[in-house]
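Peer 1: just the structure for this:
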Amino acid sequence: MRRRWDLPALKDHIRTSEPDKKWLLSTVDSVYQSLCIYQYHKNAARKAFAAYHADHDPDGIKMFAAAMMAGSDEELEEFAAAKIASEANLIAAINITRNTFDIFAQIVNAMALPNPIPIEDCTISKVRDTLPEGPLRKEITRATKLHWFRYLAGFSNTIKHRQLISHKTSQKYEEGTGEYLGGGAEVAAFKHHRKEFKSYWVQEVLQGTVEMHNEIVTLGITLNEHCLTPATP
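Peer 2: Numbering: from 1, shown residues only. Predicted coordinates for the structure are as follows:
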């Protein structure tokens, strides 16, 4: 069973042991709310192309017709809405996940660094590199080296500073057998800071966000252990 991050315990610690940092309570709440908002967008992105999944469109005829701009006005509107819902909610799921790492960094910055970084300069990478050696730094270093963290960071920075990454409708087939697996969307390959990221089916990227969402919870548990465990003499 997956471990749970005890946020109430962390908030109680802030209130009782570090009352001068009560402003952090709203930051802890922001992390929790961000994790909840992520779940909303993840679920909406997964459901966007539900009408074109293999169980509803077993031969892909509906998907193919819509992509070719055939069918009734109602069918074309349904297809256009699915495309927008998929792209908009995928972008939101990626951005909220990546941003939550930096909100979490604000808590670590205030509670675990002897000399905190100015709030406006605080990021997960700067906090990681400034932390003293120990389990918390080790876990943040591990998480920020993961493929999906780098993918989400690269995606988020690219669409923020350069351009949207192509999100095109696609039909998926089983390699070898050619069995139709359903319709959906594919995220184009892109390059960020000389690192190339390949194209992924939307559902694969969403699974990557799930993994990073779980990593935030793991880091939160490690932070609790760092702050709430009495120091050994």
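Peer 1: all strands of this structure, in order?
Peer 2: With DSSP state E as the criterion, the chain has strands at 167-173, 180-187, 190-192, 195-197, 200-201.
Peer 1: could you say which of those strands is packed most deeply?
Peer 2: Of those, the one with the most neighbours on average (mean count of other CB atoms under 10 Å) is strand 180-187, at a mean of 20. From N, CA and C alone the C-beta is placed, and that goes for glycine too.
Peer 1: what average pLDDT does that strand get?
Peer 2: Averaging pLDDT along strand 180-187 gives 76.
Peer 1: with stretch 139-159 instead?
Peer 2: Stretch 139-159 carries an average pLDDT of 97.
Peer 1: what residues sit buried inside that stretch?
Peer 2: Buried residues in stretch 139-159, counted by 16 or more other CB atoms under 10 Å: 139-140, 143-144, 148-149, 151-156, 158.
Peer 1: which of the residues you listed sits closest to R4?
Peer 2: Proximity of these to R4 (CB to CB) peaks at E139, which lies at 16.4 Å.
Peer 1: residues in contact with the closest one?
Peer 2: Contacts for E139 (CB atoms under 8 Å, 6 or more residues apart in numbering) come out as T218, L219, T222.
Peer 1: can you add distance to L10 and give the strands of the chain back as a markdown table?
Peer 2: Converted to a markdown table, the strands of the chain look like this (distance: least, CB to CB, whole Å):
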| stretch | distance to L10 |
| --- | --- |
| strand 167-173 | 37 |
| strand 180-187 | 35 |
| strand 190-192 | 33 |
| strand 195-197 | 34 |
| strand 200-201 | 34 |
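Peer 1: point out where this structure drops to low pLDDT.
Peer 2: Confidence mapping of the chain against pLDDT under 70 gives the ranges 1-2, 54-68, 70, 178, 180-182, 230-233.
Peer 1: quick one, the longest helix anywhere in it and strand 167-173 angle?
Peer 2: Determined from DSSP state H, the single longest helix within the chain is helix 73-112. Between helix 73-112 and strand 167-173, the angle comes out at 100 degrees (axes from the mean of the first three to the mean of the last three CA atoms, to 10 degrees).
Peer 1: name the helices or strands packed onto helix 73-112?
Peer 2: In terms of contacts (3 or more CB pairs under 8 Å, 6 or more residues apart in numbering; DSSP states H and E), helix 73-112 is packed against helix 24-47, helix 61-67, helix 124-130, helix 135-144, helix 147-161, strand 167-173, strand 180-187, helix 202-228.
Peer 1: tell me which of these sits nearest to P114.
Peer 2: Nearest to P114, of all the helices and strands packed on helix 73-112, is helix 124-130, at 9.2 Å by CB to CB.
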